[in-house]
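Engineer: No sequence on hand, only this structure:
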């Protein structure tokens with residue numbers, strides 16, 4: 001099916017991550033691969049590199065030509081990744097590339113971190129006013145409680161707005177160390193483990209596969225519409241692919257649980273074709289996952305109710321809640 005090695009290798013790696021079935025369960029290739037986790041994909045690529053290293057002194061001339069095709073593709077990919085973030089990278093030539101397999105393996109699996117810069121914290125003395133007055137004058141109580149829950153996750157839990165919006169109903173539990181507080185887990189939708197011990201017929205248990213088979217959806221990080229949510233990644237707390245929200249001060253976790261119990265009654269009464277905790281109550285999008293655009297608009301309206309205007313410079317911005325004023 002592939003006349004060029006680079007297309008073959010690119011497709012191979014892509015299908016490891018995404019699987020070969022489309023949203024309708026159709027697979028023209030006949031492989032019926034389920035999506036692999038990030039770690040499994042990385043290990044398979046490393047095994048392929050090791051295999052080529054092992055074959056080098058043993059292969060025949062014909063095999064050598066085949067191997068060299070793959071070697072050139074892998075080396076070029078590593079060279080590109082190494083120089084794409086270099087200011088003068090475009091002036092360098094691949095012909096002069098002398099990367100070893102060790103360097104190539106490092107470049108192909110390295111995670112590039114981006115600094116967020118010096119963000120201004122939301123003024124602590126203003127938060128109480130925003131929480132009680134800004135978000136408490138909604139016509140619909142469900143909207144008020146939903147937005148307060150997201151606000152608590154950002155301000156008291158230090159999570160990003162996109163991380164809060166990605167929560168599933170199953171991600172919120174009672175804290176075993178404090179039954180009056182909520183234990184909230186933020187999962188990576190591609191690498192995280194599906195809830196309730198779910199597994200596919202072939203034994204897969206990723207959230208990405210769970211969304212595809214149960215709801216015919218893709219993770220929101222992979223969407224290109226208004227439902228899209230970013231994911232900056234970071235260190236996870238558990239092998240199942242999640243981070244735990246650490247409340248500070250701890251009473252924010254207790255406030256969250258009280259509001260969640262009320263909100264969950266509303267959420268459970270609505271039939272939704274998705275597992276997301278926060279949904280829209282607008283008549284045109286009723287029951288659909290809550291979007292960042294809608295939250296931003298409600299956040300701006302809440303600021304206006306307490307006579308404030310959105311301002312990143314002053315910290316009056318959703319991102320400002322992740323930072324502590326010093």
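Structural biologist: In hand now; what should we look at? Predicted, not measured: the structure shown is a model, and the values here were computed from it.

Engineer: can you give me the helices in the stretch 151-300 of the chain?
Structural biologist: Along the stretch 151-300 of the chain, counting by DSSP state H, counting those that start in this stretch, helices occupy 161-165, 207-210, 251-268, 292-305.

Engineer: Which one, of the ones you listed, ends up nearest to residue 184?
Structural biologist: Closest to residue 184 of those is helix 251-268 (C-beta to C-beta; 7.4 Å). Glycine gets a C-beta too; all of them are placed from N, C-alpha and C.

Engineer: Which positions in that closest one come out as buried?
Structural biologist: Judged by neighbour count using 16 or more other C-beta atoms under 10 Å, the buried positions of helix 251-268 are 252-257, 259-260, 263, 266-267.

Engineer: Okay, domains of the chain per the record?
Structural biologist: Per automatic domain parsing, the structural domains of the chain span 5-109, 124-322.

Engineer: which of those sits most buried?
Structural biologist: domain 124-322 (a mean of 17; mean count of other C-beta atoms under 10 Å).

Engineer: how about the domains of the chain in CSV, adding mean pLDDT?
Structural biologist: Formatted as CSV, these follow (pLDDT from 0 to 100):
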stretch, mean pLDDT
domain 5-109, 61
domain 124-322, 92
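
Engineer: what sits up against stretch 147-160?
Structural biologist: 122, 127, 130-131, 135-136, 138, 161, 163-165, 167, 184, 186, 230, 232, 245-249, 252-253, 255-256, 259-260, 263, 278, 295, 298-299, 302, 318-319, 321-322 (C-beta atoms under 8 Å, 6 or more residues apart in numbering).

Engineer: List just the one of the helices of the stretch 151-300 of the chain that sits closest to residue 175.
Structural biologist: When these are ranked by proximity to residue 175 (C-beta to C-beta), helix 251-268 comes first, at 6.5 Å.

Engineer: Could you pull up the residues touching the spatially closest residue to residue 317 that is not a sequence neighbour?
Structural biologist: Using C-beta to C-beta, 6 or more residues apart in numbering and skipping the chain neighbours, the partner closest in space to residue 317 is residue 310 (6.2 Å). Going by C-beta under 8 Å, 6+ apart, residue 310 touches 299-300, 303, 316-317.

Engineer: List just the nearest of the residues you listed to residue 42.
Structural biologist: Distance to residue 42 across the contacts of residue 310 (C-beta to C-beta) is lowest for residue 317, with 35.4 Å.

Engineer: excluding its backbone neighbours, what's nearest the residue nearest the centre of the chain?
Structural biologist: Geometric centre of the chain, nearest residue: residue 231, 3.7 Å, by C-alpha atoms, centre = their mean. Leaving aside its sequence neighbours, residue 231 sits nearest to residue 221 (C-beta to C-beta, 6+ apart; 4.7 Å).

Engineer: Next: residue 266.
Structural biologist: residue 142 (4.8 Å).

Engineer: wait, is that neighbour part of a helix?
Structural biologist: Yes - the assignment for residue 142 (DSSP: H, G, I helix; E, B strand; the rest coil) places it in a helix.

Engineer: Does it touch residue 263 like I think?
Structural biologist: Yes - judged on C-beta atoms under 8 Å, residue 142 makes contact with residue 263 at a distance of 7.0 Å.

Engineer: one step back: possible to save the buried residues of helix 251-268 as TSV with distance to residue 172?
Structural biologist: TSV is the format used below for the buried residues of helix 251-268 (distance: C-beta to C-beta, whole Å):
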residue	distance to residue 172
252	14
253	11
254	13
255	14
256	8
257	8
259	11
260	6
263	10
266	14
267	10
